[in-house]
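S.K.: Pasting the sequence and the predicted coordinates here, then a few questions.
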Amino acid sequence: MTNSAFAATAAGNMTVRLTITNECKVQTGGDLNFGSHGVIDANLDQTTLIGVQCTSGQTYNVGLGVGKGSGATLAVRKMTSPAAATINYTIYRDSARTLVWGETVGTDTVTGTGDGNVQNITAYGRVPAQLTPAAGDYTDTVAITVTY
């Protein structure tokens with residue numbers, strides 16, 4: 001019987017690799033909640049945050065759709081009740097509520113450059129004074145699109 005002793009070694013290298021591609025994600029889309037009110041005889045203003053996360057250095061544009069209310073436009077979006085009554089509202093890109101937020105890159109979207117972290121963008125909503133419809137819950141769903 002022979003006794004083998006291992007005294008020799010061999011060494012080599014292993015390559016570890018990861019390719020990062022440009023990417024952006026909508027991480028959060030907060031509710032734009034105007035609360036509870038009776039007669040809408042004055043502007044109702046509210047804000048919410050949209051969280052976008054992109055790879056470092058990646059430029060992006062955030063667009064908002066018109067929503068699902070029948071007859072809605074960017075300037076006059078529509079929340080709808082189960083009875084098909086509507087309440088008009090608008091979403092703006094600025095706190096003065098003068099720049100309507102839309103979905104055409106270079107025209108009415110919000111731009112940014114990613115830094116790898118979630119970046120919060122404020123959406124400024126307004127329900128203008130208007131003829132108040134029947135009591136009830138009014139909602140809409142607005143698509144958030146990040147183009148990069």
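M.R.: Received the coordinates, thanks.
S.K.: make it CA atoms for all contacts and neighbour counts henceforth
M.R.: Fine.
S.K.: element containing the most centrally placed residue in the chain?
M.R.: The chain has Ile50 as the residue nearest its centroid, 4.0 Å off, counting by CA atoms, centre = their mean. According to DSSP states H and E, Ile50 maps onto strand 44-54.
S.K.: Buried residues of that strand, list them for me.
M.R.: Under the neighbour-count criterion of 16 or more other CA atoms under 10 Å, strand 44-54 has Asp45, Thr47, Thr48, Leu49, Ile50, Gly51, Val52, Gln53, Cys54 buried.
S.K.: Touching the very next helix or strand once past that strand from outside, list them.
M.R.: Per DSSP H and E, the first helix or strand lying C-terminal to strand 44-54 is strand 59-64. With contact meaning CA atoms under 8 Å, 6 or more residues apart in numbering, strand 59-64 is reached by 24, 54, 101-105, 108-114, 142-148.
S.K.: Can you flag the buried ones in those residues?
M.R.: For the contacts of strand 59-64, buried by 16+ other CA under 10 Å: 24, 54, 101-103, 108-114, 144-148.
S.K.: In strands only, show me those residues.
M.R.: In this view, those that belong to strands under DSSP state E are Cys24, Cys54, Val110, Thr111, Gly112, Thr113, Ile144, Thr145, Val146, Thr147.
S.K.: Which one of those is nearest to Ile87?
M.R.: Taking CA to CA as the measure, Ile87 lies nearest Ile144 of these, at 20.7 Å.
S.K.: quick one: contacts for that closest one?
M.R.: Val26, Gly29, Val62, Gly63, Leu64, Gly65.
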